[in-house]
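Colleague: the sequence isn't on hand, but the structure is:
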């Protein structure tokens, strides 16, 4: 716990706790995400990474603590209002809306954007980033391959024009080549100015990409620091992050 | 009468009946889509819609007359009023039960149905109420076939309403959101969609369509009764299941199929019109046995 969390942050989480029934999933965690950075949240299965994201985005109610986004306390706001503020959560498993075409999935990503021109412009940007989505725009989104679905999930989030993007396990279930591809895209998005909070099981890759990292274990933070420092410390990698 | 005339006449009758079924079935299927509730009070909403149309008509008939223009205004106002009634029912009765077990909300729907039925029973004393529309008896003769203007207007109006709904669902952001809410509510929240609002809009539209059917039925058949929603509620439910519950084109198709089957069924020698309900519900059983997802329904299988 040597490094101090970065300041001038877009997201501040203080003493955040959450429970499913009587089972505590998070026991009071503090974390911050600085504007323009990629911050990664690492940890084993069941450590509480997904719950952290869900509590930030309002899908799970915090039982204690606070979440401040862009200077505003959002702890008790309903999820759709948090999304409207520009905090966009791409959940684990992608959640493509089946029965809706690729294009309709993207349109709905911009549900809060009422300017039709802006929607069209964003759609063009997303098609520029993921040409395959343009080719498949009239297909049922749930019939895409895993990698294409991940692109659609990210594209749909971009339609919203996010200030902060929460990505939960974007590499899950993808072939190794596609995992690298996905990470390249995340890097590009960040270079274009999007702040990202990334949850990943693939710790090595995440640490290569991120500026700052937190490590969760059993619902508590075990470690935090510059990603470069954690990456180069073999004992840390072995103890907390597996291979 | 030649056989072709009988067939054509029953086709017209079937389309009229099917239009009513389809309009009511849409409310069933839309509500089932967004909250997975079989809204057994929906037939009663249709009945209340008929009475709402009757009340408006008695208010406006002095200025607009009680022909189709008066009925049209009554229908539109009844749709709006009953649409809000649907939203109110949703907020008061169903919203608090959404996280309760499935059976609780189903029982709530039956209770709402009893409340509406008995409220109207109390107000009307259980008597038939003449609707008071004066639509005339004009029509077109095609050989031995007679189609009244009323039948044209009724089927046309139902068609326009269904087409508008289909356009709303497929072309607007709110329509897409409605489909999305029926698939994945949490994902909708993450996209900034106010799920409760979408549910309210769904109840508004479904109840409004039922009110349109109720008003048209009152004008077409000439009278209203507090119990008139019961059977059409069951029929519309049957139509929704035949088409595939949750599927909007399915509800339209199911309604038309059911209407046509009933009209033609009564023509089978030895089967009089008294048997037409047996006909409908036998079809329901057959569909449930051989194609439980309905004609246009999709199975609930998740793709991994």
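Modeller: Done, it's in. Quick caveat: nothing in here was measured; it's all calculated off a predicted structure.

Colleague: rounded mean pLDDT for the host helix or strand of residue A:106, please.
Modeller: Assigned by DSSP states H and E, residue A:106 belongs to helix A:102-109. For helix A:102-109, the mean per-residue pLDDT is 96.

Colleague: mind listing residues that contact the helix or strand following it?
Modeller: Downstream of helix A:102-109, the first helix or strand assigned by DSSP H and E is helix A:116-129. Residues outside helix A:116-129 that contact it (C-beta atoms under 8 Å, 6 or more residues apart in numbering or on different chains) are A:103, A:106-107, A:110, A:113, A:133-134, A:137, A:155, A:158-159, A:161, A:185, A:188. Glycine gets a C-beta too; all of them are placed from N, C-alpha and C.

Colleague: what do you get for stretch B:135-148?
Modeller: Contact with stretch B:135-148 is made by B:1-2, B:5, B:8-9, B:12, B:67-68, B:71, B:149-152, B:219-220, as judged by C-beta under 8 Å, 6+ apart.

Colleague: give the residue spans of the stretch 51-200 of chain B that score low on pLDDT.
Modeller: Within the stretch 51-200 of chain B, no stretch has pLDDT under 70.

Colleague: at 90 instead, please
Modeller: Within the stretch 51-200 of chain B, the ranges that satisfy pLDDT under 90 run B:62, B:65-68, B:98-99, B:102, B:132-146.

Colleague: close to chain A: what parts of it are there?
Modeller: B:173, B:176-177, B:179-180, B:183-184, B:186-195 (C-beta under 8 Å from any C-beta of the partner chain).

Colleague: rewinding a little: from the contacts of stretch B:135-148, which would you call buried?
Modeller: B:8-9, B:12, B:68, B:71, B:150-151, B:219-220 (16 or more other C-beta atoms under 10 Å in any protein chain shown).

Colleague: among the residues you listed, which are in helices?
Modeller: B:8-9, B:12, B:68, B:71, B:150-151, B:219-220 (DSSP state H).

Colleague: quick one: which of those is nearest residue A:58?
Modeller: Closest to residue A:58 out of these is residue B:71 (47.4 Å), distances taken as C-beta to C-beta.

Colleague: my guess is that closest one contacts residue B:215. True?
Modeller: Yes. Contact criterion C-beta atoms under 8 Å: residue B:71 and residue B:215 qualify, at 6.9 Å.

Colleague: for residue 149, what are its contacts?
Modeller: No chain in the question, so chain A it is. By C-beta under 8 Å, 6+ apart, the neighbours of residue A:149 are A:94, A:96, A:141-142.

Colleague: nope, chain B
Modeller: B:135-136, B:138-140.

Colleague: and the helix holding residue A:106 with helix A:116-129, angle?
Modeller: 130 degrees (axes from the mean of the first three to the mean of the last three C-alpha atoms, to 10 degrees).

Colleague: and the contacts of helix A:102-109?
Modeller: So helix A:102-109 is in contact with A:96-97, A:100, A:119, A:123, A:126, A:133, A:136-141, A:144, A:152, A:155-160, B:173, B:176-177, B:180, B:188, B:191, B:193, going by C-beta under 8 Å, 6+ apart.

Colleague: neighbours of residue 90, how many?
Modeller: Since no chain was named, I'll use chain A. 27 (other C-beta atoms under 10 Å in any protein chain shown).

Colleague: you answered for a different chain; I wanted chain B.
Modeller: Using other C-beta under 10 Å as the criterion, the residues surrounding residue B:90 number 25.

Colleague: that one and residue B:265: what is the separation?
Modeller: 35 Å (C-beta to C-beta, to the nearest Å).

Colleague: kindly report the same for residue B:95.
Modeller: Residue B:95 is 40 Å from residue B:265, by C-beta to C-beta.

Colleague: do residue B:175 as well
Modeller: Distance of residue B:175 to residue B:265, given as C-beta to C-beta: 35 Å.

Colleague: and if you look at residue B:208?
Modeller: 30 Å.

Colleague: higher neighbour count, those two?
Modeller: For the pair residue B:208 and residue B:265, the greater number of neighbours falls to residue B:208 (27 against 21), based on other C-beta under 10 Å.

Colleague: need the pLDDT of the more buried one.
Modeller: Looking at residue B:208, its pLDDT is 98.

Colleague: can I take it that it is in a helix?
Modeller: Yes. Residue B:208 forms part of a helix when assessed by DSSP: H, G, I helix; E, B strand; the rest coil.

Colleague: so what's it up against?
Modeller: So residue B:208 contacts B:79-80, B:82-83, B:86 (C-beta under 8 Å, 6+ apart).

Colleague: cutoff 6 Å now
Modeller: Counting by C-beta atoms under 6 Å, 6 or more residues apart in numbering or on different chains, residue B:208 touches B:79, B:83.

Colleague: again with residue B:91
Modeller: Contacts of residue B:91 by C-beta under 6 Å, 6+ apart: none found.

Colleague: run the last query once more with 10 Å
Modeller: B:196, B:199-200, B:203 (C-beta atoms under 10 Å, 6 or more residues apart in numbering or on different chains).

Colleague: and if you look at residue A:171?
Modeller: A:147, A:150, A:178-183, A:186, A:198, A:200-202, A:205-206.

Colleague: so what pairs up with the nearest residue to residue A:194 once chain neighbours are set aside in the strands?
Modeller: Leaving aside its sequence neighbours, residue A:194 sits nearest to residue A:165 (C-beta to C-beta, 6 or more residues apart in numbering or on different chains; 5.5 Å). Counting by DSSP bridges, residue A:165 is bridged to residue A:88, residue A:196.

Colleague: residue A:165 against residue A:88, yeah?
Modeller: Yes. Counting by C-beta atoms under 10 Å, residue A:165 does reach residue A:88; the two are 5.5 Å apart.

Colleague: of the two, who's got more company?
Modeller: Counting neighbours by other C-beta under 10 Å for residue A:165 and for residue A:88 shows that residue A:88 has the greater number, 28 against 23.

Colleague: and the residue of the stretch 1-150 of chain B nearest chain A?
Modeller: residue B:33 (10.5 Å; C-beta to the nearest C-beta).

Colleague: next, the contact list for that residue, please.
Modeller: Residue B:33 neighbours (C-beta under 10 Å, 6+ apart): B:178-179, B:181-183, B:202, B:206, B:245-248, B:251.

Colleague: at 6 Å instead, please
Modeller: B:182, B:246.

Colleague: check residue B:90 too.
Modeller: Neighbours of residue B:90 in contact, by C-beta under 6 Å, 6+ apart: residue B:203.

Colleague: could you confirm it falls within a helix?
Modeller: Yes. Checked against three-state DSSP, residue B:90 lies within a helix.

Colleague: any idea how far it is from residue B:200?
Modeller: Where residue B:200 is concerned, residue B:90 sits at a distance of 6 Å (C-beta to C-beta).
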